[in-house]
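Chemist: Structure for this input, please:
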Amino acid sequence: MTKPYTEDDIAAALFAIAGGMSMRKACSEYGIPRTTLHNRMNGHLSHKKGAQNLQKIAPVQERALANWILVQEALGTSPTHRQIRELGESILNLEGGDLSLGKRWIHSFLERNPEIKTKRQYKIDNARINGATTEIISKFFEKLDLPAIKHIKPENRWNMDEAGIIEGQGLNGMVLGSSKRRFIQKKQPGSRTWTSFIECISATGRALLPLVIFKGKTLQQQWFPIKLDNYEGWEFTATDNGWTTDSTGLEWLKEVFIPQSAPTRPKEARLLVLDGHGSHETTQFMLECFKNNIHLLFLPPHTSHVLQPPDLSIFSPLKKEYRYHLNTLDSLADSTPIDKRNFLACYQKARLKALTLRNITSGWKASGLWPQNRAKPLLSRLLLENSNQEVVYQNPVSDDDPELQWNIHSSFIAWKTPQKGSDIRKYADIMEKVDETDIPTRRLLFRKIQKGPDAKDYELVQSKKRIKQLEQKLEEIIPKKRRMVKTSPNSRFAGIEAIYQAQIEAGDREIEIKDSDSIYETDTTGDCIEVE
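Modeler: So this is what the prediction gives:
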């Protein structure tokens, strides 16, 4: 039985013949049939290269897929056989060819790309480990040193995270009340519906427009205020539990992240850092990332408190501001239940305060993800023991304030007609310092004079507050017709245009005419009689 020859044997034989060896001797020494060697010398292709035109997936596409697999393995997100097959069939689908691959396609793909092989994957249960350890974080930063990741520009490095807020959940804190009672019950709004949102920030301080996920079967137009200018570019959807699903995660990637984070140069790679949610590991999610040159980097379990930029600098002030505005709205609206419209108003205001350039870049810096510095999370007080020492700050009290020489400068005081009680109190203090004689009648006179303006000021403040309450109640009690927000057949999300249309159909909004004056500018030429 003859020993099988390889492509390396043919290459060696051709090299030897080029060096002066005869063909007969080369065929004998390397075990290659004379006809085969003769054909190869005349430019015939190998069987493998000759069959490339018969491959369903082009060699260039296979090469790109193989490189992507290697990078994903280095990042800890190796795809399975099934996922690679589905990716390959999706590539065929894009080109309009045969939508199925043969049973042995994976085997042939591995043969054509010998640097890839099948290996067993070992998983560790999240509940069995503490992710925020020095060893795990150090290994995570080794992935950032990979050549394919290291050369990605900071403006193309993104971190996505999802968080949730209970619509009617306000703040617990110090309040004022009767000294006879130890505890105070704080009235909370009636709504307890959970709403989540997806925020995505870049290492250079940019924030993409958010996706808001309500709890419900479909979006309803009565969930939104009439004025939608503050939500231009936002996306809205509804799920059964108010959290991301596989389809929601994929639509966010396609309709929000990919278009909004597009690099200045289309061929530049992007890095998307995210947690290990199941919606981020689907085949379709990976396919979209592969097609758009996006590398996925999953955070180790239980490390978001030291490695996730939004958790370090965004979500805490965001939720604090939201609850502040919610409490303010609750005090103004009296007993009116907080609903989704009020949630949007409070969240929009809180987002302006929290998602600033300074906060976003601070989160990336604190996590050590950019500028890349693994010492940041490794020295975090949340990671190391005995480092969370209490630091006491003291505000020094200055005793350097000099006493004013009122008797000397009293002639330079600009006396003006008092407009409020505080003006009268100020002038009373001046009088006491200018004239040091203690006259009880004068003090009583000033107290009586300032009492009236103080009472009027209080009544004015209460009246303004009551007017604002009534305006808020009026807006809330106006019945809203239920109307589903219709989305495009190609999208699960709704923008403000779709919400506008639903409000018009429900009768809550009139059709806006851009040029209202144009209806009066009619052409009257046709109504005239020409007299010659």
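Chemist: how about low-confidence regions in the stretch 51-200 of the chain?
Modeler: The stretch 51-200 of the chain contains residues with pLDDT under 70 at 51-54, 95-99, 121-131, 167-192.
Chemist: Can you show me the strands along it?
Modeler: 157-166, 194-202 (DSSP state E, counting those that start in this stretch).
Chemist: which other residues reach the shortest one?
Modeler: Residues from elsewhere that reach strand 194-202, judged by Cβ atoms under 8 Å, 6 or more residues apart in numbering: 154-167, 207-208, 210-215, 241-244, 252, 256-257, 261, 309-310, 314, 340, 343, 347, 355, 360, 363-364. The C-beta positions use only the backbone N, C-alpha and C, and glycine is treated the same way.
Chemist: run the last query once more with 7 Å
Modeler: With contacts defined as Cβ atoms under 7 Å, 6 or more residues apart in numbering, strand 194-202 is touched by 155, 157-167, 207-208, 210-215, 242-244, 252, 257, 309-310, 314, 343, 360.
Chemist: before we move on, the earlier item: want to try CSV for the strands of the stretch 51-200 of the chain, with mean neighbour count and distance to Gln55 as columns?
Modeler: Shown next, in CSV, are those (neighbours: other Cβ atoms under 10 Å; distance: least, Cβ to Cβ, whole Å):
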stretch, mean neighbour count, distance to Gln55
strand 157-166, 21, 34
strand 194-202, 21, 37
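Chemist: low-scoring stretches of the stretch 301-450 of the chain, by residue?
Modeler: Residue ranges of the stretch 301-450 of the chain with pLDDT under 70: 329-338, 384-416, 420-422, 431-440, 442-443, 446, 450.
Chemist: Strands along that one, start to end?
Modeler: With DSSP E, counting those that start in this stretch as the criterion, the stretch 301-450 of the chain has no strands whatsoever.
Chemist: where do the helices sit along it?
Modeler: Remark: helices assigned in the stretch 301-450 of the chain by DSSP state H, counting those that start in this stretch are 304-307, 309-313, 315-333, 340-354, 357-367, 375-378, 406-409, 421-434, 440-477.
Chemist: other SSEs contacting the second one?
Modeler: In this case it means helix 309-313. In this structure, helix 309-313 packs against strand 157-166, strand 194-202, helix 357-367, with contacts taken as 3 or more Cβ pairs under 7 Å, 6 or more residues apart in numbering; DSSP states H and E.
Chemist: so Met286 sits right up against Thr80, yeah?
Modeler: No. Using Cβ atoms under 7 Å, Met286 is not in contact with Thr80, being 10.4 Å away.
Chemist: Next, work out how far apart Gln469 and Asn342 are.
Modeler: 14 Å (Cβ to Cβ, to the nearest Å).
Chemist: more crowded one of the two?
Modeler: A direct count of neighbours by other Cβ atoms under 10 Å for Gln469 and Asn342 places Asn342 higher, at 24 against 16.
Chemist: who's more crowded, Met286 and Thr80?
Modeler: The neighbour count for Met286 versus Thr80, taken as other Cβ under 10 Å, is higher for Met286 (22 against 12).
Chemist: for the more buried one, what are its contacts?
Modeler: Applying Cβ under 7 Å, 6+ apart, the residues near Met286 are Pro79, Gln83, Leu87.
Chemist: Secondary structure element for it, which one?
Modeler: Met286 belongs to helix 283-291 when elements are defined using DSSP states H and E.
Chemist: And the helices in the stretch 101-250 of the chain?
Modeler: Taking DSSP H, counting those that start in this stretch as the criterion, the stretch 101-250 of the chain carries its helices at 105-112, 134-144, 147-150, 246-252.
Chemist: Gln419 and Leu460, how far apart?
Modeler: Looking at Gln419 against Leu460, where the rule is Cβ to Cβ, the gap reads 12 Å.
Chemist: and Pro453, which of the helices of the stretch 101-250 of the chain is closest to it?
Modeler: When the helices of the stretch 101-250 of the chain are compared by Cβ to Cβ, helix 246-252 sits nearest Pro453, at 56.9 Å.
Chemist: So what's the gap between that closest one and the chain middle?
Modeler: When C-alpha coordinates are averaged (Cα atoms, centre = their mean, to the nearest Å), helix 246-252 and its chain have centres 14 Å apart.
Chemist: Give me the helices and strands touching that helix, please.
Modeler: So helix 246-252, by 3+ Cβ pairs under 7 Å, 6+ apart, packs with helix 283-291.
Chemist: Buried by neighbour count: which residues of the helix it packs on qualify?
Modeler: Going by neighbour count (16 or more other Cβ atoms under 10 Å), the buried part of helix 283-291 is Thr283, Gln284, Phe285, Met286, Leu287, Glu288, Cys289, Phe290.
Chemist: repeat for stretch 311-326
Modeler: Buried residues in stretch 311-326 (16+ other Cβ under 10 Å): 311-315, 318-319, 321-326.
Chemist: how about these in CSV, adding distance to Leu92?
Modeler: Formatted as CSV, those follow (distance: Cβ to Cβ, whole Å):
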residue, distance to Leu92
Asp311, 40
Leu312, 43
Ser313, 44
Ile314, 41
Phe315, 42
Leu318, 43
Lys319, 46
Glu321, 49
Tyr322, 47
Arg323, 51
Tyr324, 54
His325, 51
Leu326, 51
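Chemist: Grab the CA positions of the helix holding Met286 and hand them over as PDB.
Modeler: This file holds the C-alpha atoms of helix 283-291, laid out as PDB (Å, rounded to 0.1, in the frame of the first residue of the first chain):
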ATOM      1  CA  THR A 283     -26.900  33.400  17.000                       C
ATOM      2  CA  GLN A 284     -28.600  36.400  15.300                       C
ATOM      3  CA  PHE A 285     -27.100  38.800  17.800                       C
ATOM      4  CA  MET A 286     -23.600  37.400  17.000                       C
ATOM      5  CA  LEU A 287     -24.300  37.500  13.300                       C
ATOM      6  CA  GLU A 288     -25.100  41.200  13.300                       C
ATOM      7  CA  CYS A 289     -21.900  41.900  15.300                       C
ATOM      8  CA  PHE A 290     -19.900  39.800  12.800                       C
ATOM      9  CA  LYS A 291     -21.400  41.600   9.800                       C
END
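Chemist: After that helix, which helix or strand is next? Please name it.
Modeler: strand 294-298.
Chemist: Can I get the contacts of Met286 in TSV including distance to Glu142 and neighbour count?
Modeler: Conversion of the contacts of Met286 to TSV gives the following (distance: Cβ to Cβ, whole Å; neighbours: other Cβ atoms under 10 Å):
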residue	distance to Glu142	neighbour count
Pro79	21	19
Gln83	24	18
Leu87	26	20
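Chemist: about what we covered before: out of the strands of the stretch 51-200 of the chain, flag the one nearest Ser304.
Modeler: Of the strands of the stretch 51-200 of the chain, nearest to Ser304 by Cβ to Cβ is strand 157-166, at 7.6 Å.
Chemist: Neighbours of the closest residue to Lys376 other than its chain neighbours, how many?
Modeler: Closest residue to Lys376 apart from its sequence neighbours, by Cβ to Cβ, 6 or more residues apart in numbering: Gly368 at 3.4 Å. Neighbour count of Gly368, defined by other Cβ under 10 Å: 23.
Chemist: doesn't Leu379 make contact with Gly368?
Modeler: No. Applying Cβ under 7 Å, one finds Gly368 not in contact with Leu379, separated by 9.3 Å.
Chemist: Specify the angle between the helix holding Met286 and strand 294-298 in degrees.
Modeler: 130 degrees (axes from the mean of the first three to the mean of the last three Cα atoms, to 10 degrees).
Chemist: how distant is helix 283-291 from the center of its chain?
Modeler: 19 Å.
Chemist: I'd like the average pLDDT over it.
Modeler: If you average the pLDDT over helix 283-291, you get 90.
Chemist: same deal with stretch 241-256?
Modeler: pLDDT averaged over stretch 241-256 gives 94.
Chemist: Please apply the same query to stretch 489-504.
Modeler: Rounded mean pLDDT across stretch 489-504 is 83.
Chemist: in it, what counts as buried?
Modeler: By neighbour count with 16+ other Cβ under 10 Å, stretch 489-504 contains the buried residues Arg492, Phe493, Ala494, Gly495, Ile496, Ala498, Ile499, Tyr500, Gln501, Ala502, Gln503.
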